[in-house]
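**Student:** predicted structure and sequence below. I'll ask about it afterward.
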Number of protein chains: 2
Amino acid sequence: MQIFAIDLGGTNCRAAIINSDGSIEGRRQRPTPRAAGGPEIAELMARMAAELRADALKITAAGVAVPANVTSDGILRRLPNLPALEGAKLGDLLEQKLAVPVAVENDATAAAIGEAWVGVSSGVENSVLVTLGTGVGGGIFVNGTPLRGLDGGAAKIGHITVEPDGHPCGCGSVGCVEQYASAPALIRLASEQGLEVESARELFELWQAGDEKAAAAFVAIGRYLGIMLGSVVNTLNPEMIIIGGGVSASWDAFIEPLRREIKLRAFPEPAARARVVRSKLGDDAGMIGAARSALVTLLGQ
Amino acid sequence: MQIFAIDLGGTNCRAAIINSDGSIEGRRQRPTPRAAGGPEIAELMARMAAELRADALKITAAGVAVPANVTSDGILRRLPNLPALEGAKLGDLLEQKLAVPVAVENDATAAAIGEAWVGVSSGVENSVLVTLGTGVGGGIFVNGTPLRGLDGGAAKIGHITVEPDGHPCGCGSVGCVEQYASAPALIRLASEQGLEVESARELFELWQAGDEKAAAAFVAIGRYLGIMLGSVVNTLNPEMIIIGGGVSASWDAFIEPLRREIKLRAFPEPAARARVVRSKLGDDAGMIGAARSALVTLLGQ
């Protein structure tokens, strides 16, 4: 059985055929038309599916990962980077184009599903995934099942408060960990240290060269992530914490302060229980997880 | 079917017979011997059971609520007020005395189970209970099931960080919400306003009389609880938040700043979804929930 899987990002729309063992069969990528609404995005996805079908690949169902809260009714909410999709029922639109059933998941939840299927958390019943990129996303497994919430509002751990009077966040709150651990936050924290960099990667290169200001910025990120994750450990007692997303490439620069802070904040047994590991599937986690979601929720696999 | 239910508190040990409809048949209360270890506590509980049995009440099983992390193996951990019970397998000890099976639950989780059975959250699949007393406890329901964690470390939401460099907490961390919303914290916050009071109740009476400093202390409590609960809403997307414990008697003094802060911090749909309500079962919630736990986990009801 083969699943058409799509990861709709703020920059690119990536698609592939995923086999029922989690392996990837064919790939396509297009720039995401940022101003496009539901019908136009569904049309783009259908064209990518047609190309893959032309390669003699069959599609039994489709899974889509989106940077949105997905309600239990399949409605997309809170897409700051793709505002024209607000309120869209993308799954229904795509089903009409593809003539196969479609599952829609939040992108970080999809990544958690992918890692739990064929990635680093395979066999782990209780896990928390954090994606560090343009924003800070989250996916949660409780007793072997993804935690979504009726409004698709569960696992939004990037919006846990870590500074009660802190930096304003795009979500309307202040002091969310997203403002202290995303790629833009890292650039801002570096700037507060007197370092002007254009990317997290550039800052990591400075860190590798022994720059002390770069090190201070990464210590700040690690500490704030650890504050948030300490609270998450005290709330969920997970067995594993998985860190992915672009900023996780700087792992060596922030992981020690992160682990130290979890140990300071959380109770000893749960803190020791929660293994902090890197994502195994990287950028493919969302696509693979969207496919798994289709297999489980639509096809009962 | 009748269950012997016990709520072991830091001050009193309360027991009753609970019927299979959640009603209470007989009650006993004893001061908790604070220095007592597992065998002595089990003996005390067995004596209370014998008294209730003497009233011609039958016992099919027993449920115990304890102020501890209860591991999946039934071991008690982290009992700052009853340190001699650290590491005890109280359930096994009590089973030997009573000759019936015994279920052991964290007290706040037991309260959440009680409220979900015959209290305010009956029929609600996803809820969060907060107890405001000597400490700040928590109980979580996800998809109709209590969330315990392998180390009994889940739902310890009193130890979510709300001030990263805040007041030291007995748990070893700093800035836990327990340091800003428990009864001792309320007395400290009042003192910082220049008010010397001996209890949360005394401060609430000042608030009722229109005292502005008392009002400021309650606004601080409400705000910090709202910061914590906003993070919990963004993590779990619950349908209901239940507030119990002694400090909840001051509900009118802190509920508005609490609700305002959740609205500021959490995403709009999940914030609107999470109804904030008062406990219905009050001090009996833990006992009733411990009985329900015995019915469900031991007797498959």
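**Tutor:** Cool, the structure landed.
**Student:** now do the helices in chain A.
**Tutor:** For chain A, helices defined by DSSP state H occupy the ranges A:38-54, A:90-98, A:107-118, A:178-181, A:183-192, A:200-208, A:212-236, A:251-265, A:268-273, A:285-297.
**Student:** would you turn these into CSV with mean pLDDT, distance to residue A:139 and mean neighbour count?
**Tutor:** For every residue, glycine as well, the C-beta is placed using N, CA and C. Formatted as CSV, the helices of chain A follow (pLDDT from 0 to 100; distance: least, C-beta to C-beta, whole Å; neighbours: other C-beta atoms under 10 Å in any protein chain shown):
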stretch, mean pLDDT, distance to residue A:139, mean neighbour count
helix A:38-54, 94, 22, 18
helix A:90-98, 97, 19, 19
helix A:107-118, 98, 3, 28
helix A:178-181, 97, 15, 27
helix A:183-192, 95, 19, 19
helix A:200-208, 97, 21, 19
helix A:212-236, 97, 12, 25
helix A:251-265, 98, 18, 20
helix A:268-273, 98, 19, 19
helix A:285-297, 97, 8, 28
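**Student:** of all these, which lies closest to chain B?
**Tutor:** helix A:268-273 (3.3 Å; C-beta to the nearest C-beta).
**Student:** using PDB, list the CA coordinates for the closest one.
**Tutor:** What follows is helix A:268-273, C-alpha atoms only, in PDB (Å, rounded to 0.1, in the frame of the first residue of the first chain):
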ATOM      1  CA  PRO A 268      14.700  13.500  39.900                       C
ATOM      2  CA  GLU A 269      13.000  10.200  38.700                       C
ATOM      3  CA  PRO A 270      11.100  11.800  35.800                       C
ATOM      4  CA  ALA A 271      14.100  13.900  34.900                       C
ATOM      5  CA  ALA A 272      16.300  10.800  34.700                       C
ATOM      6  CA  ARG A 273      13.600   8.900  32.800                       C
END
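**Student:** interface residues of the stretch 201-301 of chain A facing chain B?
**Tutor:** By C-beta under 8 Å from any C-beta of the partner chain, the residues of the stretch 201-301 of chain A that approach chain B are A:224, A:227, A:230-239, A:264-270, A:273.
**Student:** tell me how far stretch A:141-149 lies from the chain's centre.
**Tutor:** Centre-to-centre, stretch A:141-149 and its host chain are 15 Å apart (C-alpha atoms, centre = their mean, to the nearest Å).
**Student:** and for stretch A:166-174?
**Tutor:** 20 Å.
**Student:** now do the same end-to-end measure for that stretch.
**Tutor:** 5 Å (C-alpha to C-alpha, to the nearest Å).
**Student:** what stretches of the stretch 1-150 of chain A score poorly on pLDDT?
**Tutor:** A:56 (pLDDT under 70).
**Student:** residue of it nearest chain B, please.
**Tutor:** residue A:149 (2.5 Å).
**Student:** for the closest residue to that residue other than its chain neighbours, report the pLDDT, please.
**Tutor:** Using C-beta to C-beta, 6 or more residues apart in numbering or on different chains and skipping residues adjacent in sequence, the residue nearest residue A:149 is residue B:237, 2.5 Å away. pLDDT, residue B:237: 98.
**Student:** residue B:237 against residue B:270, yeah?
**Tutor:** Yes: between residue B:237 and residue B:270 a contact is recorded at 4.6 Å, counting by C-beta atoms under 8 Å.
**Student:** so what's in contact with those two at the same time?
**Tutor:** A:149, A:151, A:153-154 (C-beta atoms under 8 Å, 6 or more residues apart in numbering or on different chains).
**Student:** now those residues as JSON lines including neighbour count?
**Tutor:** Below are the shared contacts of residue B:237 and residue B:270 laid out as JSON lines (neighbours: other C-beta atoms under 10 Å in any protein chain shown):
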{"residue": "A:149", "neighbour count": "29"}
{"residue": "A:151", "neighbour count": "25"}
{"residue": "A:153", "neighbour count": "29"}
{"residue": "A:154", "neighbour count": "27"}
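**Student:** what's the farthest-apart pair in these?
**Tutor:** Largest separation among these by C-beta to C-beta: A:151 and A:154, giving 8.4 Å.
**Student:** show me the common contact partners of these two, please.
**Tutor:** B:237, B:270.
**Student:** which residues does the closest residue to residue A:108 other than its chain neighbours bridge with?
**Tutor:** Nearest non-adjacent residue to residue A:108, counting by C-beta to C-beta, 6+ apart: residue A:137, 3.2 Å away. Counting by DSSP bridges, residue A:137 forms beta bridges with residue A:131.
**Student:** could you report the neighbour count for residue A:137?
**Tutor:** Neighbourhood size, residue A:137 [other C-beta atoms under 10 Å in any protein chain shown]: 28.
**Student:** try the one 5 residues further on
**Tutor:** The burial metric for residue A:142, expressed as a neighbour count using other C-beta under 10 Å, is 24.
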